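Asks: return a 3D structure for these sequence lines:
(one chain, ligands or ions: 1)
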Amino acid sequence: MSILPKPSSAEQTDGPFSEGSCSREPRLQFEDGCGGVFTLSNADRVTGLYFPLANDNGMMSCVTPLLGGDVKTGQSSFLLTPVSVEDLHLSRSTRNFWLFQQNMGAWSACGVSAAQTVARTCGEESCRMKAGFLWQTVVRESRSFGLRSEVTTFVPEEENVELTRVRITNISEIRRSLVPTAAIPVFARPADNLRDHRHVTSLLHRIHTERFGVVTEPTLIFDEHGHRRNHTVYTVLGACGTGTPPVGFFPLLHPFLGEGGTLDWPEAITENRSPDATAGFEAAGEEALGGLRFQAVELEPGESTEYILALGINSPNAVRYLSSAKFQKAFSESQKAWEKKIGVRFSTGNRNFDLWMRWVVLEPAIRRIFGCSFLPHHDYGRGGRGWRDLWQDCLTLLLTDGSAMAEPLWRFCAGMRFDGTNATIIDGEGKDVRFVADRNNIARVWMDHAAWPLRTIALYLDETGDLDFLMRRQTYFYDGRVMRCRETIPDRDTASGTELPIKNGGFWRGTILEHLLLETLTACCDVGEHGMLRLENADWDDALDMAAERGESVAFSSMYAGNLKTLAGFLRALAARGTETVELAAELIELTNGLQDEAPPDRMQERLNHFCTSCCESISGNIAVVNTEDLAGLLERHASRLAKRIRQQEQVTDGTYRWLNGYYDNDGLPVERGKPEVRMTLTGQVFALRYGVADKIFAKDIAAAADHYLFAPELGGYRLNTDFHELKLNLGRQFGFAYGHKENGSVFSHMAVMYANALYHCGMVKEGRRALAALIGHSMDFRKSRIYPGIPEYFGPDGRGMYHYLTGAASWLTLTLRCEVFGISGRLGNLFLSPKLTAEDFADRRLLSCETYFLGRRMRVSYRNPLHLDYGGYTIGNVLLDGNLAARAVRKDGCFVLPSDVIRSLDTKHLHTLDAELTFNGQK
Ligand code: G1P
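Replies: Modelled structure (predicted):
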């Protein structure tokens, strides 16, 4: 599919990694025949690379090509020292494995002896990284030491343990005698102790050795919040591939290093010392080391030997992985489990793109585990998932298994407050899900937060047709923060729980529809002096955080206008199936009354305040019965008024181009302008396009302005904003960042993809393709992006991908390709096909397909384009379902529709095929 730029000749001719290759330029390639496995030659010549390893059980690791990185299950339980991105080159702490040879000295299988670090720039050793779902192998060869190491690391499915297999091969012509030692420094405490009692917390350590390794069990957890008994046990175990335990141990770091020694030249190794301990050793108050000495081994030329290491956190069963065979079994199971999570697959004729997309589809599952706190770029917060990110990651999960998402989505609604605000951090899974007001305990309101749940629930309803979901009841989050987080109820007894009380006893449970109405209506009443929704403490752009008094977000006013219409659509669908009235908490009527007519902002605020007062400590428990169609009409009218106002009031022009102002700053002035120096944001345009605020002509003009002022193809596409050349303290911290970085004008993938999505959605396919092609092409070009396959959060001014793996862009890219480009979307459980593929997308191929789930059935939707027609010139002709003409299919709004009952009649075991032929539509 030519959404992608053509590969350069260098990429095309570059063969597989060859040992004799003299090029030291790292090259990334997908392997033949293995879904998503890729190799990176000279991986140790790239700065800042890290790869995530994890399981659904809460084990989180990251690993670098030099086996650096860390291992943890949460903020309070780091087995290896926590790393931020700069530590990746600063730290000497790795999962090291040493081989000592008489006459030759010490060689690190991970490439991190002091001597190897010096020799790295001379290309003395080769280093090739290979990775798949979710495992990493690093192959390193040293001709002078006559050895090859292959180190494979992954996290098995169910146990909180990270497993590594070290395979050593004699690649020389002579027999080699080796003394093998694993040496992994153990941190064994909360991340906070890195700069808070680093030394004192080592005094808490109780260390002992067992048959297979070193166990560290601190007595206490020790921080400024108080001291408590520790219950976390950290282990470093190991065995030969045959299952034979180590012959001795170096359980303590300092004796291992020797006086003045360092981890990359430790005395115990360089002087080939005998182990300091055997099984049964005990020590206290020291820094620990997973130092495991294995039996000396003789390797004939070509001969190999293996070692298995298990790094566990509260993992009493880790011993069960300690042999090559057991390792291999768990390794295969883990790969299968990750493969299953890739619920959407594309087949476009561009194999690299198809495989790259699998990594993109996997990213939301990775972010669900790591949140924003546990990868080297993501070192903020203390765990848990952010509200907005949580809802958007669900978008991809919904495309994988829609009906399975009903429970999680329903549970997440319990994080909404009755006044439309919400808990901002979500921790735990399933029944154990917990809501936290804020990660730093500062009560804040992100004005966009209430907009995302509706989008995700709309997708859920469309994919499943489960309208009953709207009628399910759920509690509200109540923590004494009231009046939209402006006030806190003093002396509230926290033992009274986190649910909203009813005045006369009990807790209120409102329908999901009520939750969504409250979120949307409170936001729509919270208007500023220009009639736009107030920015509060920021919107999607977290870094617009300095305009809480007078700031307004026009950008998200557009999104809420769209949400009002979507909500109205829900209500009309309910009415159509006979739900003539809906029951809502009586307090809500104050809000609907507020939207009856165009009211001045202060009047809207008054109503909102009045409403917030009515739900401060409890609500009445009274019920209002509202006519469903009337309510829908009210929402539609308000949406139209808001959209009209944006169109009329917010236009900006420089005389040639016109676009929309996206914000008001804290002085009440519009942020975007045409003169004297142009100021434009992408965010200000995206939602107006996506949610129909801008009409067709205006949309074209906006796209032209974005092309002129924001398009930077050399950096991946559309920048977030032009350079304001001002430290704009009346808007947000982002203007303190250098221009071109992060929220200040970088190509920020999430917004860039949402822009592409919006363009496709408006039918501006050529423009949408351009945005996608630039972003995808840049991400996939390793020479520019310097990241593993997948989409990063943003690209820095040098084009490097930053904050890899954890970005909302992944969900939106998957959604855009599936629902817009391939046009496979649900509407209340019916499957609609309306592709926006162009002749160029087909290139010289006649068939493009997408494998996805719909109503729990695995479906492959293929489009044949025998006449090589372009978008706009075709319609869907015959469609075959599993090889037969699709009976009972209908045509609606130019789309092919397969009703939900037809799909439900298909079995859930097999892959079903929908083959659609594109035929000439008589135009052009
Ligand atoms: C990140 C945050 C997201 C926020 C965005 C812009 O974006 O996770 O919540 O909206 O920065 O400040 P992401 O990495 O999701 O693209």
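Asks: check contacts around residue 675.
Replies: Contact partners of residue 675, counting by Cβ atoms under 8 Å, 6 or more residues apart in numbering, are 654, 655. Placement of C-beta: from N, CA and C, glycine included.
Asks: from the ligand, how far out is it?
Replies: Distance, residue 675 to the ligand, by Cβ to the nearest ligand atom, to the nearest Å: 28 Å.
Asks: now do the SS call for that residue.
Replies: The three-state label given to residue 675 by DSSP: H, G, I helix; E, B strand; the rest coil is coil.
Asks: which non-adjacent residue is nearest residue 194?
Replies: residue 82 (5.9 Å; Cβ to Cβ, 6 or more residues apart in numbering).
Asks: next up, the contacts around that neighbour.
Replies: Residue 82 is in contact with 70, 72, 187, 191, 194, 379, counting by Cβ under 8 Å, 6+ apart.
Asks: now do the contacts for the closest residue to the first one other than its chain neighbours.
Replies: When you say that, I think you mean residue 70. Leaving out its chain neighbours, the residue that sits closest to residue 70 by Cβ to Cβ, 6+ apart is residue 80, at 4.3 Å. Contacts of residue 80 were listed using Cβ under 8 Å, 6+ apart, and they are 69, 70, 71, 72, 93, 95, 184, 185, 186, 187, 311.
Asks: what about residue 80, distance to residue 194?
Replies: According to Cβ to Cβ, to the nearest Å, residue 80 stands 12 Å off from residue 194.
Asks: around residue 656, how many other residues sit close by?
Replies: Residue 656 is flanked by 10 other residues according to other Cβ atoms under 10 Å.
Asks: ignore what I typed, I meant residue 83.
Replies: Applying other Cβ under 10 Å, we find 22 residues neighbouring residue 83.
Asks: likewise the one 10 residues further on?
Replies: If you count neighbours by other Cβ under 10 Å, residue 93 ends up with 23.
Asks: check residue 755 too.
Replies: As a measure of burial, residue 755 has 30 neighbours, counting by other Cβ under 10 Å.
Asks: so what pLDDT did it get?
Replies: If you check residue 755, the pLDDT there is 98.
Asks: and it, its phi and psi?
Replies: With angles defined as degrees, to the nearest 10, residue 755 sits at phi -60, psi -50.
Asks: how close does it sit to residue 333?
Replies: 40 Å.
Asks: quick check: the farthest pair among the contacts of residue 82?
Replies: Comparing every pair within those by Cβ to Cβ identifies 187 and 379 as the most remote, at 14.8 Å.
Asks: give me the more crowded residue out of these two.
Replies: In terms of neighbours (other Cβ under 10 Å), residue 187 is the more surrounded of residue 187 and residue 379; the figures are 25 against 15.
Asks: pLDDT weak spots in the stretch 801-924 of the chain?
Replies: The model of the stretch 801-924 of the chain has pLDDT under 70 over residues 924.
Asks: what does it put close to the ligand?
Replies: Residues of the stretch 801-924 of the chain lying close to the ligand by Cβ under 6 Å from any ligand atom are 806, 807, 808, 809.
Asks: in helices, which of those residues fall?
Replies: Members of these lying in helices (criterion: DSSP state H): residue 809.
Asks: export the residues of the stretch 801-924 of the chain next to the ligand to JSON lines and tack on neighbour count?
Replies: Formatted as JSON lines, these follow (neighbours: other Cβ atoms under 10 Å):
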{"residue": "806", "neighbour count": "29"}
{"residue": "807", "neighbour count": "28"}
{"residue": "808", "neighbour count": "26"}
{"residue": "809", "neighbour count": "27"}
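Asks: for the ligand, give me its nearest residue in the stretch 601-750 of the chain.
Replies: residue 750 (3.2 Å; Cβ to the nearest ligand atom).
Asks: now the stretch 451-600 of the chain
Replies: Per Cβ to the nearest ligand atom, residue 542 is where the stretch 451-600 of the chain lies closest to the ligand, at 3.6 Å.
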